[in-house]
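Enquirer: sequence and predicted structure, then a few things I'm wondering about:
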Protein chains: 2
Amino acid sequence: MTTYEHLKGFRDFYAPEMAARREVIDTVEGVAERYGFREIGTPRLERAAMWTDKSGDEIVDELYAFEDHGGRHVTLTPELTPTVARMYAAKSQELSKPVKWVSTRPFWRYEAVQQGRFREFYQTNVDIFGSSDPSADAEVLAVAADALTALGLDADDFEFRVSHRDILGSLLRSFDADVDVEDAIRAVDKSEKVSENEYLDLLADAGLGYDEAREFDDLLGVTDPANLDELTEFADSAALDDAVENLRAVLAAADDFGVGEHCDLSLRTARGLDYYTGTVFECFDSKGRVSRSVFGGGRYDDLIEQFGGQPTPAVGVAPGHSTLHLLLEEAGVYPDEELATDYYVLQVGDTRGVAARVARDLRAKGHVVETDVSDRSFGAQMGYADSINAETVVIVGEQDLANDEVTLKDMASGDQTTAPVDDFPGDRDRPTYGDYA
Amino acid sequence: MTTYEHLKGFRDFYAPEMAARREVIDTVEGVAERYGFREIGTPRLERAAMWTDKSGDEIVDELYAFEDHGGRHVTLTPELTPTVARMYAAKSQELSKPVKWVSTRPFWRYEAVQQGRFREFYQTNVDIFGSSDPSADAEVLAVAADALTALGLDADDFEFRVSHRDILGSLLRSFDADVDVEDAIRAVDKSEKVSENEYLDLLADAGLGYDEAREFDDLLGVTDPANLDELTEFADSAALDDAVENLRAVLAAADDFGVGEHCDLSLRTARGLDYYTGTVFECFDSKGRVSRSVFGGGRYDDLIEQFGGQPTPAVGVAPGHSTLHLLLEEAGVYPDEELATDYYVLQVGDTRGVAARVARDLRAKGHVVETDVSDRSFGAQMGYADSINAETVVIVGEQDLANDEVTLKDMASGDQTTAPVDDFPGDRDRPTYGDYA
């Protein structure tokens, strides 16, 4: 005899908890599906080079990577974007554009386990390929906002902090053409997690002078899109002008799509991954109950080409279910699911054949129906029916059957009555106590 | 630029194929759920010892096992049974018995890739814990049979070959108390895949004389449950008598549950895994179009205790979606799913705000609705609407809007008419061309 435990950072979901998770996942996927996103299925293992060649160092250190029996260097996938980029590149000729994909599945990163952060974690990925139009960025924001609303969150529960990689990049280059833009953007991404001095040091390491770093950070403080002119006037950069125009167009499209109220300009939001190119955004708890980013997304227009495809604009968002769970709990709207059972067919004496026929007929009408598979007493069966929240118990007893009857018991009221066995369930869609009392 | 491919034995599922897979998975899970099986969620990575300590050598050689960053010897799970045994053992006091669990997810084995066999493969696991009654074995058979019927297979498309580990074991011991029962049962499991001489050699290696091996195999040829008396008369073993009575009771319960016609006695069916104890069965294509076992299941009454729990009877089945796909294809009932879209809202000119309002209202009624997110021409949008099989195109054009109208186009007939924009979609659940023509 050995006792095993699940691995640290991995979780077992028992039935009631899984029912709540399923409800959340179905809600998020349902919103995406009504926007015309189509489910795909993706491998859980990929060549490790898909991350080691392209992603930031942070994610590489966290990979569950190993050599398979064939000597391939493989990894459990830490995120979906490179996989969907690979899939799009492989079939881009055959696919009708824009391509809109959704899927929910686990990912793995070897990270420190903390509240809302696990080593095996679930995300619903929502991506659009083949449109560079600001409407596509806005549609992704709209799916995310509608999903949160459908889950029961109010407008004052959450906000999307929207930024733009090209604004950050062209502003940085306006200080110094040789600045390491990726390093500087990673510094911006860390700015809320480190001290001001550490932040300025990181910007200095990326190639900015300390005065430049302070000025750069001041410029990122703009929160009104109208004030983005301060940046364009400061920098005199055509690339910056284009990026500002693009971000304004995304926010305008989000307004048209009915989700503008959830979107806040926040240039200090940068996202940690290197592959983002244009719009980036993160969802936060507006009331600060969840201190970290709930999830994020953005535009990654270069990745498909890097994966061997034609140059293809792309934008996506990936609600993560662990942090989303925290936010829903804090807001008091996490689903409270109990086991639900329409009928329990209780056997008294040697009545299994009739009970099984009744159970089959009820299942054929789409109901959740259990019957005894343990040869148990009346009391034990009734206790079990109660534990699974059976709405109606159909008692199939030898004595009743002698009168060609079964007994229906309404479990909420305790009321019971008899019904003719040959007419049960009969033509009724969902026969209950009231139909026969 | 680098081109990556998915790993050998791993698959990318694009949207139409995924829709068909989802249909199959939903059907199988739906049947189990109507029997009262409850969904659980399980980790994809476990301690490798859960397999290396207990399972046969074959599965251990195929593990995707490695050492994690914390020095733990872990493995991608090759099957679910040890995980659910661990989960049951961890919470058995709190769970209302019998516990009935269902889940669908991928598993991984490093095997030779062939038709219907992949290194990443999907199974729907259906298990009952806490009942030793033959009704539980039969309920698992009933779920599997009903699932195949719900998928469109006829009674003559498939059969369950039902055997019993205790019949095999006690019969083997009646020849020689020192026979290696596990080795001998593994030989039976391989009997269809090797030559007769190899089979007899394997039985001899397990401790049977060659004459005994032939006699043993002859006795396994019984196909009529009534003729199981030949075994009990031959062996004079109380354990064998009990096992025969148990198997007959399982088949009788399957009759009561309406699935007896799908169950054939077949003692040479043995199942490869060591942890099975009582009833074992495999599903086969009755017409031989798929030559291998489609999937299997059985009773594993010792495993919970081995995983640190109280002694707990358990029985389960795990339809594998790769071989099931082959069978459904061969039988001509694999779902043929196309993209389905209720509405495409087409924008002509600067009409995004109204188009977005119309799309939101239609989505709020539960429909799948796409609109332009690529700033494309009328013709390009119409081509896209056709490619996603839009049923109705709602044309929101500047000229129509000047008259407070939108145009509805029925894509099947090409007919079109106008509708008042302020009354679209209005109160109608699913407004189409016919409502306004």
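Expert: Received the coordinates, thanks. Residues are numbered from 1 along each chain as shown, chains lettered A, B, ... in the order given.
Enquirer: which residues touch residue A:11?
Expert: Counting by C-beta atoms under 8 Å, 6 or more residues apart in numbering or on different chains, residue A:11 touches A:118, A:120, B:41, B:43. The C-beta positions use only the backbone N, C-alpha and C, and glycine is treated the same way.
Enquirer: now the second one. Its backbone dihedrals?
Expert: For residue A:120, the backbone dihedrals are phi -110, psi 120 (criterion: degrees, to the nearest 10).
Enquirer: repeat that for residue A:75.
Expert: Torsion angles at residue A:75 (phi, psi; degrees, to the nearest 10) stand at phi -150, psi 140.
Enquirer: any idea how far chain B is from it?
Expert: Going from residue A:75 to chain B by C-beta to the nearest C-beta, to the nearest Å gives 10 Å.
Enquirer: my guess is that residue contacts residue A:62, does it?
Expert: No - in this structure, residue A:75 is not within contact of residue A:62 by C-beta atoms under 8 Å, at 10.0 Å.
Enquirer: neighbour count for these two, which is higher?
Expert: Each of residue A:75 and residue A:62 had its neighbours counted (other C-beta atoms under 10 Å in any protein chain shown), and the higher figure belongs to residue A:75 (21 against 18).
Enquirer: tell me the secondary structure for residue A:367?
Expert: Each residue gets one of three states, and residue A:367 gets coil by DSSP: H, G, I helix; E, B strand; the rest coil.
Enquirer: tell me the contacts of it?
Expert: A:342-343, A:430, B:34.
Enquirer: taking those residues one by one, which sit in strands?
Expert: Using DSSP state E, the subset of the contacts of residue A:367 located in strands is A:342-343.
Enquirer: including pLDDT, neighbour count and distance to residue A:159, could the contacts of residue A:367 go into CSV?
Expert: Below are those laid out as CSV (pLDDT from 0 to 100; neighbours: other C-beta atoms under 10 Å in any protein chain shown; distance: C-beta to C-beta, whole Å):
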residue, pLDDT, neighbour count, distance to residue A:159
A:342, 98, 20, 41
A:343, 98, 27, 46
A:430, 96, 14, 43
B:34, 98, 23, 42
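Enquirer: now, among the contacts of residue A:367, which is nearest to residue A:295?
Expert: Nearest to residue A:295 among these, counting by C-beta to C-beta, is residue B:34 at 34.4 Å.
Enquirer: give me the nearest residue to the closest one, chain neighbours excluded.
Expert: Nearest non-adjacent residue to residue B:34, counting by C-beta to C-beta, 6 or more residues apart in numbering or on different chains: residue A:363, 4.3 Å away.
Enquirer: next one: stretch A:194-204 to chain centre, how far?
Expert: Distance, stretch centre to chain centre, for stretch A:194-204: 32 Å (C-alpha atoms, centre = their mean, to the nearest Å).
Enquirer: show me which positions of it end up buried.
Expert: For stretch A:194-204, a neighbour-count test (16 or more other C-beta atoms under 10 Å in any protein chain shown) marks A:199-200, A:202-203 as buried.
Enquirer: cool, stretch A:372-381 as well?
Expert: Those would be A:372-374, A:376, A:381, for stretch A:372-381 by 16+ other C-beta under 10 Å.
Enquirer: how about stretch A:297-311?
Expert: Result for stretch A:297-311 [16+ other C-beta under 10 Å]: buried residues A:297-304, A:306-309.
Enquirer: widest-spaced pair of these?
Expert: Using C-beta to C-beta, the buried residues of stretch A:297-311 reach their maximum pairwise distance at A:297 and A:308, which is 23.5 Å.
Enquirer: so residue A:260 touches residue A:250, yeah?
Expert: No - Residue A:260 sits out of contact with residue A:250 when judged by C-beta under 8 Å, with a separation of 10.3 Å.
Enquirer: name the residue in the two with the higher neighbour count.
Expert: For residue A:260 and residue A:250, the more surrounded residue by other C-beta under 10 Å is residue A:250, and the numbers stand at 27 against 16.
Enquirer: what about the more buried one, distance to residue A:140?
Expert: According to C-beta to C-beta, to the nearest Å, residue A:250 and residue A:140 sit 10 Å apart.
Enquirer: same deal with residue A:329?
Expert: 25 Å.
Enquirer: again, but for residue A:294
Expert: With distances taken as C-beta to C-beta, residue A:294 is found 15 Å from residue A:140.
Enquirer: those two: who's more crowded?
Expert: A side-by-side neighbour count of residue A:294 and residue A:140, using other C-beta under 10 Å, places residue A:140 first with 29 against 24.
Enquirer: just give me the neighbour total for the residue lying closest to residue A:398 once chain neighbours are set aside.
Expert: Nearest non-adjacent residue to residue A:398, counting by C-beta to C-beta, 6+ apart: residue A:349, 3.6 Å away. Neighbourhood size, residue A:349 [other C-beta under 10 Å]: 12.
Enquirer: hmm, residue A:397 and residue A:349 touching each other?
Expert: Yes - between residue A:349 and residue A:397 there is a contact under C-beta under 8 Å: 6.3 Å.
Enquirer: ok, and the closest non-adjacent residue to residue A:134?
Expert: residue A:249 is the one closest to residue A:134 (C-beta to C-beta, 6+ apart), at 3.8 Å.
Enquirer: my error: substitute residue A:387 in the last question.
Expert: Going by C-beta to C-beta, 6+ apart, residue A:387 has residue B:96 as its nearest residue, at 3.8 Å.
Enquirer: would you say the one you found is within a strand?
Expert: No - under three-state DSSP, residue B:96 sits outside any strand and is assigned coil.
Enquirer: I figured it hits residue A:384, correct?
Expert: Yes - at 6.2 Å, residue B:96 and residue A:384 qualify as touching, with contact defined as C-beta under 8 Å.
Enquirer: more crowded one of these two?
Expert: residue A:384 (20 against 12).
Enquirer: what are the contacting residues of the strand or helix carrying that one?
Expert: Assigned by DSSP states H and E, residue A:384 belongs to helix A:378-387. Contacts to helix A:378-387, defined as C-beta under 8 Å, 6+ apart, come from residues A:339, A:341, A:344, A:346-348, A:370, A:372, A:374, A:376, A:393, A:411, B:96-98.
Enquirer: report the two of those residues separated the most.
Expert: Greatest spatial distance among those (C-beta to C-beta): A:339 and A:348, at 23.6 Å.
Enquirer: which among the contacts of helix A:378-387 gets closest to residue B:105?
Expert: Nearest member of these to residue B:105, counting by C-beta to C-beta, is residue A:339, at 21.0 Å.
Enquirer: quick one: the closest one and residue A:17 touch, right?
Expert: No - taking contacts as C-beta under 8 Å, residue A:339 lies outside contact range of residue A:17: 11.5 Å.
Enquirer: quick revisit: let's see the pLDDT reported for the residue nearest to residue A:387.
Expert: pLDDT for residue B:96: 91.
Enquirer: what of residue A:190?
Expert: With respect to pLDDT, residue A:190 scores 90.
Enquirer: I'd say it and residue A:199 touch.
Expert: Yes - between residue A:190 and residue A:199 there is a contact at 7.0 Å, judged by C-beta under 8 Å.
Enquirer: got the CA positions of stretch A:428-437 in CSV?
Expert: Taking Å, rounded to 0.1, in the frame of the first residue of the first chain, the C-alpha atoms of stretch A:428-437 are listed here in CSV:
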residue,chain,number,x,y,z
ARG,A,428,-44.8,13.0,-20.7
ASP,A,429,-41.5,14.9,-21.2
ARG,A,430,-40.8,15.2,-17.5
PRO,A,431,-43.4,13.4,-15.3
THR,A,432,-43.4,14.3,-11.7
TYR,A,433,-45.6,13.8,-8.6
GLY,A,434,-47.9,16.6,-9.7
ASP,A,435,-48.9,14.7,-12.9
TYR,A,436,-50.3,11.8,-10.9
ALA,A,437,-51.4,13.2,-7.5
